[in-house]
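A.B. asks: Can you look at this prediction? I've put the sequence above it.
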Amino acid sequence: MNRILIECVQGDIAHQPDIDVIVNAANARLLPGSGVAGAIHGAAGPGLAEECRALAPIEPGQAVMTGGHGLPNDHVIHCLGPVYGVDQPSGQLLADCFRHALQLADQAGLESIAFPAVSTGVFGYPLTEAAAVAAGAIRETMPTLEHIRRIRLVLFTAEDLAAFRAALQDSGLAQS
């Protein structure tokens with residue numbers, strides 16, 4: 001696991017020019033929306049929504065990959081996180097988002113991936129719990145990855161950043 005750098009930063013997921021693929025906290029129809037999906041689709045331009053149309057709908061825990069369009073990234077992985085208290089089992093479905101995104105990126109031979117705090121916005125997943133699930137899923141998946149060399153968690157607020165840093169530390173994952 002030492003060969004993979006884990007980073008936890010505050011910022012905008014749509015502005016990660018040094019990353020091969022960013023993860024979109026998508027809705028089932030893969031349409032532009034609010035929050036992360038709105039920021040990514042806004043930065044990517046209308047070509048992203050056009051490409052997504054053929055891939056939708058997806059189910060909670062699933063992930064699909066598209067081109068980056070107007071983004072500085074070559075690819076976007078769209079994950080549908082669970083709606084907390086509705087989609088069950090929430091923990092497994094959220095972990096599946098992280099696992100499936102990492103596997104898709106690795107299978108494509110990509111070396112770097114950036115994640116937002118999936119499901120913690122309008123989907124209502126409690127921040128601390130979501131951070132712990134994400135850290136556990138990353139830790140479990142890392143030994144299977146052949147190409148990924150950098151995993152970045154991009155958190156929008158200082159509160160999000162603190163929760164994810166604590167979860168990474170609790171899971172034994174070093175971060176910068």
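C.D. replies: Done, it's in.

A.B. asks: What segments of the protein are helices?
C.D. replies: For the chain, helices defined by DSSP state H occupy the ranges 35-44, 46-53, 90-107, 127-141, 158-170.

A.B. asks: Could you point out which of those helices sits nearest P116?
C.D. replies: P116 lies closest, by C-beta to C-beta, to one member of those: helix 35-44, at 4.6 Å. C-beta: built from backbone N, CA, C; applies to glycine.

A.B. asks: State whether N24 and H75 are indeed in contact, as I suppose.
C.D. replies: No - if you go by C-beta atoms under 8 Å, N24 and H75 don't touch, sitting 10.5 Å apart.

A.B. asks: In terms of packing, which of these two has more residues around it?
C.D. replies: Taking neighbours as other C-beta atoms under 10 Å, N24 and H75 compare with N24 leading, 30 against 20.

A.B. asks: what's the pLDDT at that one?
C.D. replies: Among the per-residue scores, N24 holds a pLDDT of 97.

A.B. asks: Please name the residues that touch it.
C.D. replies: I13, V36, A37, I40, V76, I77, H78, C79, P116 (C-beta atoms under 8 Å, 6 or more residues apart in numbering).

A.B. asks: tell me the contacts of the third one?
C.D. replies: Neighbouring residues of A37 by C-beta under 8 Å, 6+ apart: N24, A25, A26, N27, L31.

A.B. asks: run the last query once more with 7 Å
C.D. replies: By C-beta atoms under 7 Å, 6 or more residues apart in numbering, A37 lies in contact with N24, A25, A26, N27.

A.B. asks: The residue nearest the centre of the chain: what's its closest spatial neighbour, skipping adjacent residues?
C.D. replies: What sits nearest the mean C-alpha location of the chain, by C-alpha atoms, centre = their mean, is F115, with 3.2 Å. Distances taken as C-beta to C-beta, 6 or more residues apart in numbering place V23 nearest to F115, at 4.6 Å, with adjacent residues excluded.

A.B. asks: Can you get me a residue count around the one you found?
C.D. replies: 30.

A.B. asks: bridging residues for it?
C.D. replies: Residues in a beta bridge with V23, per DSSP bridges, are I77.

A.B. asks: you'd agree it is up against C79?
C.D. replies: Yes - counting by C-beta atoms under 7 Å, V23 does reach C79; the two are 5.8 Å apart.

A.B. asks: Overlap in contacts, those two.
C.D. replies: By C-beta under 7 Å, 6+ apart, the residues touching both V23 and C79 are A101.
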